[in-house]
Every structure is written in C-alpha cells, then in structure tokens.
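kindly return the folded structure for what I paste below:
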Amino acid sequence: MKKRILLTAATMLSVIGIAGCGNSGSGTSDDGSVTLEVFNIKTETAEQMDRLVAAFEESHEDIKINMTTVGGGTDATAALQSKFSSGDEPDIFMLGGLADTQTWEHKLYDLGETELAQKAIEGTLEGATLNETVYGLPMNIEGYGWLINKELFQQAGIDSEAIETFADFKEAVETLDSKKEELGLDGVFGFSGGETWVSSQFSSNFFAPEFNDSLKETPEAKELHLTYEAQLKDYADLAIQYNAQPLESMDYSTSVEELFASEKVAIIHQGNWIVPTLNSLDDTFAKEKLAIVPMEVGDGSKIVAGPAWYWGVNKDKEQEVIDASIQFLTWMYTDEEAMTAIIDDFEFIPAYTNFSSDDISDPLSNDIYTYLTNGQTVPWVHNSYPDGYGQNIFGVQFQAYAADQISWAEFTDQLKSSWAQERQ
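Now for the predicted structure:
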C-alpha cells in the first residue's frame, strides 16, 4: 500500500502524537470524571479520530480521552509492550487478530455481553474470540482481491459484473490483452509481487477454504495440504503471464499510483484502503471506475473481507474506567453523528448490523459490505499463518516462482514443508 496506508496490513510505525483532552494517565478523579488512555495504531485516520474524540468529549463532559496514535517509524507491537512494561497501561488498545488476542488474553476484558458484540455482523468476532470469550470488538471491515478499472473492461466489450468463474476471468484477461494497444495498456495486471504482503494476502483466497474459512482452525492446523493448489496455480500463472512488468519486482507505488490510477493496467490485487490514494490522484476514479471481482475457489466465487483490527479493553482497570471504555466504543458505532463520521470521514466499512449499505457512499466499500452480508467472503486467514510465513515464505517463494527460478512443484513443496516445520 501507499506508505501511509500500508499501516492497515503491515506493522505500524512511530508515535506521531497524542490527541484528546484530560489529565495524563487514566482513572477516576475526585469529581467523578474519568480519563481514558486509548492506544490507536491506525495512523491514516489519526486526524479523523481526533475529531471523533472531540465530539465525544463535548457530549460526555465526565469522560476525557487521551488518544495515543502510533505510526510513522516505530514498531507498534513493541510500543504497546513498552507501555505495559512501564506500567502506563492503556485502557483501550488494538488487536491484530487471534495472535494478538492470545498475547494479551491475560489483560483483556470479556466484551461478549456488550451491545456492540450483539450488533457485530456474523463471523466478525471470530478474530478476537478465544474459548468462546469475546475479547475484541471489530474496528471496521477491510476487503481485498482483484480490483479492476471497470471502464477499461467496458471499452473492451467486457461485462465485469458477469465475471463469476475462473473461465470468465481468464476470458476477460485475454480479451484485454488482445486490445492492449488500443486501450493504452502496459499490461493487463499490475500485481505488485515485489511487496510480499500483497502476495501473502493473495494466498488467503486459496488457503481459507482448506481450513473451512475459519480463523480458529487456521492457527491450529499442523499441516498445509494445498487442497486448492490447482486454482492457486491458475490465477497465479494468469497474473504472471499478463503482468505489466516482472511481477516479482513490482512495488506498491508502481502498481497503484503509476499504473492503475493512470489507467496503464486494468487489474491489481489490493483492497478498499487504496480509495483515499485514488481520490487524491483523481476524485472520480473510485466513484466511477473502481470495482472488485471475486475468485472462484472452493465453494463459489468470493472475495476476502473481514476485520483487520479489533478494540480491546484492559480488564485490570477500575470498573468505572472499564465501563467508560465500553461507553466510548459503543458511542463510536451507535451514535448518529459518530456513525456518519465512521462512514464519511473515516471511510470505513462498518462491522455492525445497525449500519445500512445505503449509508456507504463509496461504491467499492458498498460492494465489499454486500459481499460480506451475503456470505460471499473468506476471512483474513493470512494473519493466522505461522509467524512470518505469509511474507517470508509464501511471498518470497512466489517471487522465485514468478521469476522462473523454481518450479511449481518446488514452490508448493516449500510451502508445505515450511508450514509443517513452523507448526511442530
């Protein structure tokens, strides 16, 4: 992703500031007011969060919030661990799925009976649930897969909305390739295989159905059988053959900003987090040209979508602080003013049923929300692979295969053996 947007799928970076009002340190005051310490790692929405906190404090005079946002150069995981080690524990902090939930389980409050847990879209709590206890509430939904320029498809005589199967997709790719010159394309795809996190995300479509689309089963799996190896090879070979330049060396900026936004390629593998980037380059692109196409793997054609981050509440704080923390999180996703900000200001896809798809103005986000509510998605299982596997094993070996340095058999053998070794 673009350097400031990559933070939604990769390690967050340096502390950039503290927003909000109130005394330093959390807790209750003699006058009955409560100060909350919130640890946020979505730097791309730091300004929006500042505005949301100000609106909350205006209507809740007895609750003050200190918002620490981490990004821009320091490992967020290390920064969070440092706060706990120093005794400066936040009241609300973010979890990146089951791995983080397991790490902090001893500090997390059971949120299963909260209003937000009851309103969460089916399946969205799984990434922060251990032993049937809900420890995190989803921040938002992010979805990804084949993002296309539907206007280029139309110019090539292709109905992108009719693409459901791999055969449909392959036919569309070959048609686009045959018309590259008249369409002004450098290639059909702009897959940024030089970014191993992109390849790691790509793998989720093919790994998830093997583990029954379960974030719980994936981290417990001792072996990887590559049940959907044939489909993985079909899509991988197609992207490699028709990419604008060697897939294994293309970076995010080239893919998204130089090629896709300038209509030099028709297809990339990315998610709705690129919408702000596209809007900054062409404020009509996302609204008029951007769409997502599902992949045919396993049971039907689906995209990858689900929560990437969850809000957790520190159980070791005073009950008044815990209650105020839950009150703030509930307000964020149920208050009318806050809900409007979540959609329009944050440009989030909501993870709660009290929102309507009609509220989502961004067409891509609306499509992803519809896929999710219709059950046509698989979860972000790449976040549940063995530590470092997605980028350091799948991503690196995928580069080697794309560069014709190893055979497909060598690629898949490495995937299976490395998984088994990591899970011993």
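
and the strands in the stretch 251-400 of the chain?
In the stretch 251-400 of the chain, the strands defined using DSSP state E, counting those that start in this stretch lie at 267-271, 290-293, 295-296, 301-306, 310-313, 377-378.

for Glu89, which of those is the nearest?
strand 310-313 (11.3 Å; C-beta to C-beta). The way it works is simple: take the backbone N, C-alpha and C, and place the C-beta from them, glycine included.

by contact count, what packs against the closest one?
Counting by 3 or more C-beta pairs under 8 Å, 6 or more residues apart in numbering; DSSP states H and E, the packing neighbours recorded for strand 310-313 are strand 92-95, helix 98-104, strand 137-138, helix 319-334.

what does the longest one contact?
Meaning helix 319-334. Residues outside helix 319-334 that contact it (C-beta atoms under 8 Å, 6 or more residues apart in numbering): 26-28, 34, 36, 38, 52, 56, 60, 63, 65, 91-92, 109, 111, 114-116, 119, 137, 311, 313-315, 317, 338-339, 342, 350, 352, 354-355.

out of these, which are buried?
Neighbour-count burial (16 or more other C-beta atoms under 10 Å) applied to these gives 26, 28, 34, 36, 38, 52, 56, 60, 63, 65, 91-92, 109, 111, 114-116, 119, 137, 311, 313-315, 317, 338-339, 342, 350, 352, 355.

just the ones of these in helices?
52, 56, 115-116, 119, 338-339 (DSSP state H).

closest one of these to Lys150?
With C-beta to C-beta as the yardstick, the closest approach to Lys150 among these comes from Met339, at 28.8 Å.

tell me which residues touch that closest one, please.
Met339 makes contact with 333, 350, 354-355, 359, according to C-beta under 8 Å, 6+ apart.

what's the domain layout of the chain?
For the chain, the domain assignment from automatic domain parsing gives the residue ranges 6-141+307-354, 143-306+379-422.

for Ala400, the count of nearby residues, please.
Applying other C-beta atoms under 10 Å, we find 15 residues neighbouring Ala400.

over to the one 5 residues further on?
Per other C-beta under 10 Å, the neighbour tally for Gln405 reads 12.

which residues does the nearest residue to Ile303 once chain neighbours are set aside bridge with?
Spatial nearest neighbour of Ile303, excluding adjacent residues (C-beta to C-beta, 6 or more residues apart in numbering): Gly145 at 4.2 Å. When bridges are called by DSSP bridges, Gly145 pairs up with Gln270.

residues contacting Gly145?
Residues in contact with Gly145, defined by C-beta under 8 Å, 6+ apart, are 205, 269, 271, 292-295, 303-304.

from those residues, which is closest to Ala128?
The closest of the contacts of Gly145 to Ala128 turns out to be Val304 (C-beta to C-beta; 17.8 Å).

buried ones in stretch 76-83?
76-77, 79-80, 83.

actually stretch 332-352, sorry about that
If you call a residue buried by 16+ other C-beta under 10 Å, then stretch 332-352 has these buried ones: 332-333, 335, 338-339, 341-343, 346-352.

format the ones in helices among the buried ones among the contacts of helix 319-334 as JSON lines; extra columns: pLDDT and distance to Leu415.
Conversion of these to JSON lines gives the following (pLDDT from 0 to 100; distance: C-beta to C-beta, whole Å):
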{"residue": "Leu52", "pLDDT": "96", "distance to Leu415": "42"}
{"residue": "Phe56", "pLDDT": "98", "distance to Leu415": "46"}
{"residue": "Glu115", "pLDDT": "98", "distance to Leu415": "42"}
{"residue": "Leu116", "pLDDT": "98", "distance to Leu415": "37"}
{"residue": "Lys119", "pLDDT": "97", "distance to Leu415": "38"}
{"residue": "Ala338", "pLDDT": "97", "distance to Leu415": "43"}
{"residue": "Met339", "pLDDT": "96", "distance to Leu415": "42"}
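
redo the residues you listed as TSV? Include distance to Pro209.
Converted to TSV, those look like this (distance: C-beta to C-beta, whole Å):
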residue	distance to Pro209
Leu52	37
Phe56	41
Glu115	33
Leu116	29
Lys119	28
Ala338	36
Met339	33
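
shouldn't Ile406 be in contact with Val396?
No - the pair Ile406 and Val396 fails to qualify as a contact (C-beta atoms under 8 Å) at a distance of 10.6 Å.

residues contacting Phe93?
Applying C-beta under 8 Å, 6+ apart to Phe93 gives the contacts 38-39, 80, 104, 311-312, 314.

kindly recompute the last result at 6 Å.
By C-beta atoms under 6 Å, 6 or more residues apart in numbering, Phe93 lies in contact with 39, 312.

tell me the pLDDT of it.
Per-residue confidence for Phe93 comes out at a pLDDT of 97.

quickly list what it is bridged to.
Beta-bridge pairing of Phe93 under DSSP bridges involves Phe39, Gly312.

how far away is it from Glu61?
Distance of Phe93 to Glu61, given as C-beta to C-beta, to the nearest Å: 25 Å.

go on, Gln319?
Taking C-beta to C-beta as the measure, Gln319 falls 20 Å from Glu61.

what does Ile406 give?
Distance of Ile406 to Glu61, given as C-beta to C-beta: 63 Å.

would you mind telling me which of these two has the busier surroundings?
Per other C-beta under 10 Å, whichever of Ile406 and Glu61 has more neighbours is Ile406, with 17 against 8.

for Asp234, give me phi and psi.
Summarising the backbone geometry of Asp234 under the convention degrees, to the nearest 10, its torsions are phi -60, psi -50.

check contacts around it.
Phe166.

just to revisit the earlier point, between the contacts of Met339, which is nearest Glu257?
Of all the contacts of Met339, Pro350 has the smallest distance to Glu257: 27.7 Å, by C-beta to C-beta.

how near is the closest one to Ser86?
Between Pro350 and Ser86 the distance is 34 Å, computed by C-beta to C-beta.

ok, now Thr35?
As defined by C-beta to C-beta, Thr35 lies at a distance of 18 Å from Ser86.

helices or strands up against the host helix or strand of Ala420?
Ala420 is part of helix 408-422 when elements are defined by DSSP states H and E. Contacts defined by 3 or more C-beta pairs under 6 Å, 6 or more residues apart in numbering; DSSP states H and E place helix 408-422 against helix 396-402.

so what's the residue count around Cys151?
Wrong residue type there; residue 151 is Glu, not Cys. Other residues near Glu151 come to 16 when the count uses other C-beta under 10 Å.

repeat for Asp50
16.

got it, and Ser407?
When neighbours are counted by other C-beta under 10 Å, Ser407 registers 11.
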